[in-house]
Each structure stands twice: as C-alpha cells, then as structure tokens.
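Student: coords please:
(4 chains)
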There are 4 protein chains.
Amino acid sequence: MASPLILINFKSYREGAGNNAGQIGTAAELVMQESGVTIGVAPQFTELHPFCKHYEIPVYAQHIDPVEGAFTGRVPAFTVRAAGCVGSLINHSERRLTIADIEATVAAAKFHHLESVVCTNNAAVSAAAALFAPTYVAIEPPELIGSGISVATANPEIIQSSVEGVHRVNPEVKVLCGAGIQSGECVKKALELGADGVLLASSVVKAKDPEAVLRDLISKI
Amino acid sequence: MASPLILINFKSYREGAGNNAGQIGTAAELVMQESGVTIGVAPQFTELHPFCKHYEIPVYAQHIDPVEGAFTGRVPAFTVRAAGCVGSLINHSERRLTIADIEATVAAAKFHHLESVVCTNNAAVSAAAALFAPTYVAIEPPELIGSGISVATANPEIIQSSVEGVHRVNPEVKVLCGAGIQSGECVKKALELGADGVLLASSVVKAKDPEAVLRDLISKI
Amino acid sequence: MASPLILINFKSYREGAGNNAGQIGTAAELVMQESGVTIGVAPQFTELHPFCKHYEIPVYAQHIDPVEGAFTGRVPAFTVRAAGCVGSLINHSERRLTIADIEATVAAAKFHHLESVVCTNNAAVSAAAALFAPTYVAIEPPELIGSGISVATANPEIIQSSVEGVHRVNPEVKVLCGAGIQSGECVKKALELGADGVLLASSVVKAKDPEAVLRDLISKI
Amino acid sequence: MASPLILINFKSYREGAGNNAGQIGTAAELVMQESGVTIGVAPQFTELHPFCKHYEIPVYAQHIDPVEGAFTGRVPAFTVRAAGCVGSLINHSERRLTIADIEATVAAAKFHHLESVVCTNNAAVSAAAALFAPTYVAIEPPELIGSGISVATANPEIIQSSVEGVHRVNPEVKVLCGAGIQSGECVKKALELGADGVLLASSVVKAKDPEAVLRDLISKI
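Tutor: Okay, here's the model as predicted:
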C-alpha cells in the first residue's frame, strides 16, 4: 500500500517564510527519509523554486490558475510545474473558485502532470469535486479550520461520509482530512476513517519545534 | 532628472517563462547598462526569486496582497520583498482590486519598502489612485490594451488629463503610460505628454528579438 | 408526462424592462394557456414582485444568495420566495459562484420551496452540479451563448453527454438546454436529445414580436 | 440649510422584510412628516418597487450595477430608477467593488438621475471616492460595523479627517457617518463633527419599536 500523505500548507504565515520555512523543509526531509511516510509541503509562491531545488520532499503550490497568455498576477499551472512542483492545492477555503474553474484547473493540472488536491467543505461538495477525478479531495469543515479541534474527533461522520461519497463517484480519488489535525492520534483516526492522509497548517508551521511535531504526526501510522 | 522607467510585464505568457524569460532578462540588463535607461521586469511569481538572484535590473511582482497569516494562495507583500523585488504592479486590469484593497496594498508596499505601480483605466480613477500616494500610477485605457494601437497616438488627451489629474492631487506621484506601446516613437510621445515612463507587455515578451525591441524603445529618450 | 419548460431569461436587457417586459409577460401567459406548455420568465429583481402579482406564469429570479442577516446588496432566497417566485437560476455564466456556494444555494432554494436551475458549462460540471440534486441543470456551452448558433445543432453530443452524466448521478434531475435556442426546430431537437426544456434569452427578449417567437418555439413539441 | 439624512439600510435581515419592513416604512414616513428630517430607507431589491409605490419617503437601493445588456443576476441602475428609487448605496463593506466599478457606478447613477452613496472604510479611501463626485460618501470604519459602539464616540477623528479630506477634494460632496449609530446623541455628535447625516441598520431594523428609535435618532437635531 502506498504511504499516506502528510501535507503541510504554509499559507501566508510569516513563520512559513525565510529561515523558518527552511527549518520546516529540513525537518520534513529528515522525518520522511527516516520513516518512509510521504511529507509534502506547500510553501509561498516565491519560495516554490528554491524549495524544489533544495529539498527532496514533494512540493505543492497553494493555488494554480488554468490560464496562459494575457493574465497578469495569476499563477499559471505551467509555471508551477516548471518550478519543480508535483502538484497544487485547488479551491482552498481561503481561495475559493467557481465550479467551472475547479473543473478547468483539475484538467490543467492533469495536462501539466501535476497532482490536484481539491479542497471542499462538506460531503456533498466532496462528491461533486470527485466527479472531476482529481488526485485528492481534501475535506475541511469550515467551522473547524484553525479551531484546534480535530475533525477526526469532533466530526468523524463527515470524514466517513466524504470518503464514501467520493469513492461512490470515483474509487480512484484519494481523500485527505483537514482542519484541526494536530497529533499522531488525529492522523491515526483519520486513516482509520478511510482517509489517505491529512492536510494541516498552523500546528506544524507555527510550532516551536516542527521536527518534533512531524515525528509525532507520523508516530502512529 | 531621473531616468524614465520602461517596465515589462511578462503576464502569464509562455514566452515570459523559462529560457525566453532569461533572454529578456539578459537583454534588459545589457540595454540598461549601455543606455542608462531603467528597464524593469515583472516576471511570473515562481520566477521572481531566480530573476532577482541572476539579474541586476529592478524586478517587480505582477500583484501583491496586503496580508499575512491564514491566507492560502495569496502573494503577501513581505514574500515579494524577501525574494528581492523592488516593487509591484497593483490593480492591473487583469487583476482588479476593491478600492479598500488598493489603499491597503499601497500601504503594505510602503511598509515593506516596495515601489507601488497602481494601474488605472481613465483619468478620474488615476486621480483617485494618486490620493493613496503610490510611487506610480499606470494609466491603461482598456480599449487599447493588446490592441497594437499606442495610447500616445490614439488618445493623447487621456495621458495629459491623467498626468494633470494625478499631479493636481499629488505632484510626487509619477505616471506610466500603458496600452499599445510598441516603439521608441511611442515612448518619446508618452514622455512629451508628461509621463515618467511606460508599461508594456506583448511587444517585448512576444518579440522574436527582445533586445532589438528594447533598443528601439529607448532610442528616442 | 410533464410539460417541458421554456424559460426566458430577461438578463439586464433594456428590452426586458418596463412596457416591453409587460408585453413578454402577456404573450407568455397567452401562449402558455393556449398550448399547455409551461413558459417561465426570469425578469429583473425589481420587477419580480409586480410580475408575480400580474401574471399567472411561473416567475424565476436570475440569482439568489443563500444568506440572511448582515449582507448588504444581496438577494436572499427568502425575499424571492416572498415576492411569489417559484424558483431561481443559480450560477449563470454571467454570475458564476463557488462550488460551496452552489451547494448552499441549492439547499437554500429547497428550504424555501424554490426550484433551482443550476447553469453549467460542460458535461463534467453538469454531472457535478447534479450531485446537489437541483430541480434542473441548464447546460450552456460558453462558446455558443449569444452566438445565434443553436447548441442542439452545433454540439448535440454535449447535450446528450450532459443528460447522460446528470442522469447517471441522479435520474430525478431534469436538464435544460441553453445557448443559441431560437426556434421550434431547436426546441424539438433539444427534447429529442433528452432535455426537459430550454433556457433562452435574447431571441425572445429582443424580438420585435415576442408572441410570434413564443408560438414558434412551442410549435413542434 | 438642507435637512440631514437618516438612511436606514435593511440589509438581508429577516426583520427588514415583509410586515416588519412595512412597519419601518410607516414609522419612517410618520416621523419624517412630523419632524421635517429626511429619513431614507434601503430595502431589499424585491421590495423596492412596492416601497416606492406605498411610501413617500426616499427609497435607495443597496447596490446597483453600471450595466445593461447581457448581464444575468445584476441590478442595472436603470431598473432601480424605474422602480422609483432616488438613489443607491455603492461599495458597501458587505458588497465591495473595484475602483474602476465605483467610478463607473457613480457615473451610471448620475446618468439615471440617482443619488450615489459611496461607502468607504477610512479617511484616505473617503477622499479618493470623493474624486468621483458622488452625492454622499458614507464613512464606516470596519472595526465598528455592528459593534454597538458609535463611531462618533469611539473614533471622532476619523469622521473629522474624512469630512476634511472629502471637502478638500470636492466641497460639494456630502458625508454620512456610519457604524454604531444608535441614538440621538450619536446623530448630534456626527453632525457636530461635520457629517450631513448618518447611515445605520440593525439599531432601527432589529428594534422592537422602530418608531421610538427613529424619534430618538432625530431628537437632538
């Protein structure tokens, strides 16, 4: 069986930039090599290029646009691929897209050989997103984002119903579980509920010791 | 008197990425060194970091967001500064912002010691933008963008009235002239009409010989 | 079998307001009574109330928002219901929504006993929209909108694949066919391809004689 | 001297619809007739038409769009005018617009003989908005909206600096003061600080006795 994915979103956090970002990258690489668990990172756009050059962990963009040509200030999928990324978040709750754009962006990701991680807010939207056949659907109940309350504990049914709904539509689409993931216990629970990994942010990015948090996260897999 | 600014927007053009982007960077650096005319570039986000490392020309972002923290898929001003940029386009016609966000973004640019180039569509909006005291207002009549018709020829009054309106509000704010700029003749006309430089895209980025186009652009200054 | 639905979107056309709107309403009522074919109208927001009072045809809003409370300048579903409407367009190509908002808006429509007509741009998005179990999915290929070229003639496969995709997801969801519908021949073709009706705008709203156009539209059903 | 304007925004409040809306309308009409103070209302779109027919108070839209033609789900200025409104809010904090759209919307309002009330968030944006010569600029510091804390008490400088900034740009533009207005004392303070009226919402719309609140609001003018 393939390894689960632990995906760290750096958002626009100060702690997700500069030296601190480097520390997280180093820690992720180390823990991934030691444990064999895949640890991906989604740094800020300007750091995608140096991250892909310096680290051997999979690097994701936080957003891509399905465009090329006369579009200023966008993030064309092809530039993210050229920087060396393996994939991208799409439709994060802090960067919502129209349904037409989600479909076009998943298609653009495929065209450029990028994994697509479509973020969703409930089971119905997760199933709808699965119809576009992305690599992952990442379910994050909005009321739990940044709450410090793990979705796996607070709302296990939403994960189960999302996993079921996604697989009913397309059994090849993998499911990530987001919102409130903080510990190895949360990760274990998420995997037991049928998720193929987790998407998390502040609990790693704002940690005093990211390496310790990463070791804890993978400890019960 | 300070040099005028020739600012090249790479947009999401394929020709503004990879090797071709490098060729434009090299040509811009060469022509700037020889002529003393400031030539700035606005590459794609993922290429800001390598551009700032490899070239001695001023590098601008195509867009910045006045945020830090839990914002996914945004372009925080501080990351653009950390990459080595000197400034950013703001409110390009292909990436319009609310008036509240323009004000906040110009302020964020100042805070991070970045030049701000606020794009506008007519004389009234140019004057309003000048009230936020950005470094530049770049006037681009929407009907001329990508038209191949130079604003300096087709609509000289809009440049004059924009320059006057901007300077009435704040004489320190400089004015760039955009839309349809293609030749040294256009640049000359724009400067005669009171502009402090030009903003252009496809005529350099899609040129077979960008160096020749750049030489022509600065030839009548 | 239930009657097909001929749904007329008045958009922001001048011809869809005032006396002209009244003429279309009168013609629709007459043709509906004579033929038994359901003819719905989607007037402008300020005219929903008088239309529902004066005509016995089903009236739809052009857009609703799934909100109530401190939201200024929105169109809460409950206000549209209170005005007497039977349903609303959702996610029209000229008013695109995020996937989360489409799901929430279809749910709000149900809660307020309103029919939901979710507009889509291709077969994949149609199937995804069907997962939210709206009353109708209205497929309108963007390249044909306002083209004068009937989707039923130009691109019959997109209707067929949308009907199939929608029914595979949920056989209760009905399909409207939009873009380029102009004549009874187009309507007949659309119904043969499996659609339950058509969504159209300018060919009725801008017609010199809307009654004649409506009679033609229903002539081959 | 002209009367100050007390403008009541019904937002998407349930209490701003149906019978309750009627009660507010009746109370506003009564208090306006008795006191001579202008009391305007901004009901929900579907109720603009009946409000204009039933009441002799000035009615405003909560938002207008500077469009006509193939735009679905928008609120064309001409439809608001045809319904009998005297003006519209523009760029409310819950419905922010691009700077280009604000300029175009103020122009559309003028063209259709509608008053324009441009909402702003601070003194700099207020001055910029004044450059478009709207009828009113309504300053609402975002941190005070819905706070129950009156801007006139909490942050009198922002009103003064907005009034000064607006009048420096264009002395004909009037200023409304929003956010946290609840009592005659607040209104008095706002007028003393140079405002020409107030913009408020929940303290009237959600009041048990709107007539009593309206009488209090105008009691110290």
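Student: C-alpha from now on. contacts and neighbour counts both.
Tutor: Fine.
Student: quick one: the closest residue to A:A77 other than its chain neighbours from D:F78, how far?
Tutor: In this structure, A:A77 finds its nearest non-sequential neighbour in A:I64, 5.3 Å apart by Cα to Cα, 6 or more residues apart in numbering or on different chains. From A:I64 across to D:F78, the span is 38 Å (Cα to Cα, to the nearest Å).
Student: neighbour-wise, which of the two wins?
Tutor: When A:I64 and D:F78 are compared for neighbours, A:I64 comes out ahead with 26 against 23, by other Cα atoms under 10 Å in any protein chain shown.
Student: Who are the contact partners of that one?
Tutor: Counting by Cα atoms under 8 Å, 6 or more residues apart in numbering or on different chains, A:I64 touches A:R74, A:V75, A:P76, A:A77, A:V80, A:S88, A:L89, A:I90, A:T105.
Student: Do you know the pLDDT at it?
Tutor: If you check A:I64, the pLDDT there is 98.
Student: likewise A:M1?
Tutor: We have a pLDDT of 48 for A:M1.
Student: Then A:A190?
Tutor: In this model, A:A190 is scored at 92, pLDDT.
Student: Dump the contacts of A:I64 into a markdown table; add secondary structure and distance to D:C186 as well.
Tutor: Converted to a markdown table, the contacts of A:I64 look like this (DSSP: H, G, I helix; E, B strand; the rest coil; distance: Cα to Cα, whole Å):
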| residue | secondary structure | distance to D:C186 |
| --- | --- | --- |
| A:R74 | coil | 45 |
| A:V75 | coil | 48 |
| A:P76 | strand | 51 |
| A:A77 | helix | 53 |
| A:V80 | helix | 54 |
| A:S88 | strand | 51 |
| A:L89 | strand | 48 |
| A:I90 | strand | 47 |
| A:T105 | helix | 51 |
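Student: so what's the residue in chain A that chain C sits nearest to bridging to?
Tutor: Chain C sits closest to A:T98 of chain A, with a gap of 3.8 Å, by Cα to the nearest Cα. Beta-bridge pairing for A:T98 (DSSP bridges): C:T98.
Student: Correct me if wrong: it contacts C:E103.
Tutor: No: counting by Cα atoms under 8 Å, A:T98 stays clear of C:E103, with 11.5 Å between them.
Student: In terms of packing, which of these two has more residues around it?
Tutor: Between A:T98 and C:E103, counting by other Cα under 10 Å, C:E103 is the more crowded of the two (22 against 18).
Student: Now do the helices in chain A.
Tutor: A:18-35, A:45-54, A:77-83, A:99-111, A:123-130, A:151-154, A:156-169, A:184-192, A:202-205, A:210-218 (DSSP state H).
Student: how about these, which one is nearest C:T26?
Tutor: Closest to C:T26 of these is helix A:99-111 (Cα to Cα; 35.8 Å).
Student: still on that earlier bit, could I have the buried ones of the contacts of A:I64 as ChimeraX selection syntax?
Tutor: In ChimeraX, this line selects whichever of the contacts of A:I64 come out buried by 16 or more other Cα atoms under 10 Å in any protein chain shown:
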select /A:74,75,76,77,80,88,89,90,105
